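**Student:** predicted structure and sequence below. I'll ask about it afterward.
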Amino acid sequence: MNYSTPGVYVEEIAKLPPSVAPVNTAIPAFIGYTEKRPDAEPHRLTSMLEYEELFGGAFSDITAIVADYTGTQNGTAPSITITGLAADTKFKMYYSLALYFANGGGPCYVASANTYKTNTGVLNSVDRGELTTALAEIKKEDEPTLLVFPDAVGLNSAVAMGTLYQAAFSQCADLKDRFLISDLLSDNTGAIEDDSLAFRNNIGTSNLKYGGAYYPNLETIYTPFVDYTSTIVVYTDAGGSTTSGMVLRQSEEVIAQAANPTVLRDNSLFHVNNKAYHEILGQINAVKLILPPSSAMAGIYASVDRTRGVWKAPANVSLNAVRRPMIVIDDADQEDLNIDQDGKSINAIRSFTGRGTLVWGARTLAGNDNEWRYVSVRRFFIMAEESIKKATQQFVFENNDANTWVKVKAMINNFLTLQWRAGALYGDKPNEAFFVKVGLGETMSSQDILEGRMIIEIGMAVVRPAEFIILRFSHFIQDA
């Protein structure tokens, strides 16, 4: 500063060195279909309440329930058999978000590909083109680090799903800051080899280190959404008399405001036959929805990152809001899923007696790649690369000389030392865990400096999961 006028001048002198702030590691972007679509823009959410305010509720194609109330037989109590309910739902976004939050999920993005129905009320179908367009909108957002397609299985085609996932892999590779969690198409009948083969044959071979796959589908604690005020009941009583046209339950608020409330009560099974209503309700609650595992895994990623660190493999962790995997996988089944001749590893979700439902795999789809075999290693590098990239932006257009190199090297060294102390890197000492190189004759030539390039080389020894624990026992023969 030039001082010309007498007076007191205040100068602030920066004493703290520049630092690298770790970026968020588990901010998933969910791409699928919603009840409402405010716009084509992705929206950041932190709860189901925010989701419902912006995107509406769950999908239901249940418009009528047929209930047959059988009479007493041999002194046993009457029961109701109902039809019209299914454990599957065409659009899964709402329930997938609920499963994500139940498993420890936090902030996330939702990109709506379209609404359940058109403006004329016609039911939409899951369309690969619409999902791909929504994926392109997510590309504009910097914060997401995970990609999830809850409705991809609704394409009902392994070929279409593979094409969609290839587009997602391409985005991950272009941006280098996100990771795909993919599902397999399955009819839940136990055809493990067929399901895995169809998936592997259609996901291509490029950029597979940026994604992981999980199998099988999960039976959850959630029940199908039924709009009680509009779902019609076709009801046959114990005497064989059939009544149709009643709704399950008329809203008390609507009844109170009606000019003739008696008509509405007579049109409501809850008011006409409360016992039958509660039996139907019990059977509705007995139906448990089947969902693909990707949204639960996004929640597991977020939970493990928060409690242990992104370098901890998201495996050997129990799933919440899940009753069971739809297919029982044993050790022999998992051999072919976990290790594939083409490297396309598929992570199994299994049930263990006394332990519940656990994630029992930690590999990327590049299972034969020694560098990028594990999900935790790939995601730690994504975090470190993105964090250091953002931190070094302040040095763009700074003098490309030793003073700048020292600052940059010290900044990155400090960041990686903290990661080593947290347990993310191997080595008894920092210099065994990582290296940072920058300088003339070390990473740059004189020509590089003339052309304005500052080249930094960073190496990290990231911890890897103990995937196979081998206990070796032998007889110890005591000396005489």
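**Tutor:** The structure has been received and is ready for your questions. Since the model is a prediction, treat every value here as computed from it, not as a measurement.
**Student:** the stretch 151-300 of the chain: helices as residue ranges?
**Tutor:** Secondary structure of the stretch 151-300 of the chain (DSSP state H, counting those that start in this stretch): helices located at 158-175, 192-200, 252-257, 261-266, 269-272, 274-286, 294-307.
**Student:** return the most buried member of those.
**Tutor:** Neighbour counts (mean count of other CB atoms under 10 Å) averaged over each of the helices of the stretch 151-300 of the chain peak at helix 294-307, with a mean of 24. C-beta here means a position set from N, CA and C on the backbone, and glycine is covered the same way.
**Student:** give me the contacts around that one.
**Tutor:** 25-26, 28, 30, 96-97, 99-106, 108, 146, 148-150, 181-183, 212, 214, 218, 312-314, 317, 319-322, 359, 379 (CB atoms under 8 Å, 6 or more residues apart in numbering).
**Student:** and if we set it to 6 Å?
**Tutor:** Helix 294-307 is contacted by residues 25-26, 28, 96, 99-100, 103-106, 146, 148, 150, 181, 183, 214, 312, 314, 317, 319 when judged by CB atoms under 6 Å, 6 or more residues apart in numbering.
**Student:** tell me the SS of the closest residue to Tyr3 other than its chain neighbours?
**Tutor:** Excluding the flanking residues, the one nearest Tyr3 by CB to CB, 6 or more residues apart in numbering is Tyr9, at 6.4 Å. What DSSP: H, G, I helix; E, B strand; the rest coil gives for Tyr9 is coil.
**Student:** longest helix in the chain, by residue count?
**Tutor:** Using DSSP state H to define each element, the chain has its longest helix at helix 402-422.
**Student:** buried sites along it?
**Tutor:** 405, 408-409, 411-413, 415-416, 419-420 (16 or more other CB atoms under 10 Å).
**Student:** dump these to TSV, plus distance to Thr243 and pLDDT.
**Tutor:** Converted to TSV, the buried residues of helix 402-422 look like this (distance: CB to CB, whole Å; pLDDT from 0 to 100):
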residue	distance to Thr243	pLDDT
Trp405	84	94
Val408	78	94
Lys409	81	94
Met411	75	94
Ile412	75	95
Asn413	78	95
Phe415	71	95
Leu416	72	95
Gln419	68	95
Trp420	72	95
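**Student:** export those residues to CSV and tack on distance to Thr364?
**Tutor:** Compiled in CSV, those are given as follows (distance: CB to CB, whole Å):
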residue, distance to Thr364
Trp405, 34
Val408, 30
Lys409, 31
Met411, 29
Ile412, 25
Asn413, 28
Phe415, 24
Leu416, 23
Gln419, 20
Trp420, 23
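**Student:** by mean pLDDT, point me to the weakest helix or strand of the protein.
**Tutor:** Scoring the helices and strands of the chain by mean pLDDT, DSSP states H and E places strand 79-83 at the bottom, with a mean of 66.
**Student:** picking that back up, out of the buried residues of helix 402-422, which is nearest to Val247?
**Tutor:** Distance to Val247, by CB to CB, is smallest for Gln419 among these, at 58.9 Å.
**Student:** how's this structure carved up into domains?
**Tutor:** The chain resolves into domains spanning 28-222+289-376, 232-286, 396-480 when parsed by automatic domain parsing.
**Student:** now the ones you listed in TSV, with distance to Tyr3?
**Tutor:** Shown next, in TSV, are the domains of the chain (distance: least, CB to CB, whole Å):
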stretch	distance to Tyr3
domain 28-222+289-376	43
domain 232-286	74
domain 396-480	26
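**Student:** so which of the ones you listed is the most packed in?
**Tutor:** It is domain 28-222+289-376: most buried of the domains of the chain by mean count of other CB under 10 Å, with a mean of 19.
**Student:** mind checking the end-to-end distance for that domain?
**Tutor:** End-to-end distance of domain 28-222+289-376 (CA to CA, to the nearest Å): 16 Å.
**Student:** which residues touch the longest helix of the chain?
**Tutor:** 17-18, 20, 388, 395, 398, 425, 430, 433-434, 436, 438-439.
**Student:** what about the strands in the stretch 1-150 of the chain?
**Tutor:** Taking DSSP state E, counting those that start in this stretch, the strands of the stretch 1-150 of the chain run over residues 28-34, 43-45, 64-70, 79-83, 108-115, 146-148.
**Student:** out of the helices of the stretch 151-300 of the chain, the one nearest Ala332 is which?
**Tutor:** Across the helices of the stretch 151-300 of the chain, closest to Ala332 is helix 192-200 (CB to CB), at 10.1 Å.
**Student:** which strands and helices lie in contact with the closest one?
**Tutor:** With contacts taken as 3 or more CB pairs under 6 Å, 6 or more residues apart in numbering; DSSP states H and E, helix 192-200 sits against no other helix or strand.
**Student:** so what's the nearest residue to Ser230 once chain neighbours are set aside bridging to?
**Tutor:** Leaving aside its chain neighbours, Ser230 sits nearest to Val247 (6.3 Å; criterion: CB to CB, 6+ apart). Counting by DSSP bridges, Val247 is bridged to Ile232, Ser268.
**Student:** distance check, Val247 against Ile27.
**Tutor:** 41 Å (CB to CB, to the nearest Å).
**Student:** swap in Tyr33?
**Tutor:** 21 Å.
**Student:** pick the one among the contacts of helix 402-422 closest to Pro261.
**Tutor:** Using CB to CB, the contacts of helix 402-422 come closest to Pro261 at Val20, 66.5 Å.
**Student:** the closest one: what's it in contact with?
**Tutor:** Val20 touches 387-388, 391, 411, 415, counting by CB under 6 Å, 6+ apart.
**Student:** got JSON lines for these, with distance to Tyr222 too?
**Tutor:** Converted to JSON lines, those look like this (distance: CB to CB, whole Å):
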{"residue": "Ser387", "distance to Tyr222": "36"}
{"residue": "Ile388", "distance to Tyr222": "41"}
{"residue": "Ala391", "distance to Tyr222": "42"}
{"residue": "Met411", "distance to Tyr222": "47"}
{"residue": "Phe415", "distance to Tyr222": "41"}
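**Student:** out of these, what pair is the most spread apart?
**Tutor:** Ser387 and Met411 (10.8 Å).
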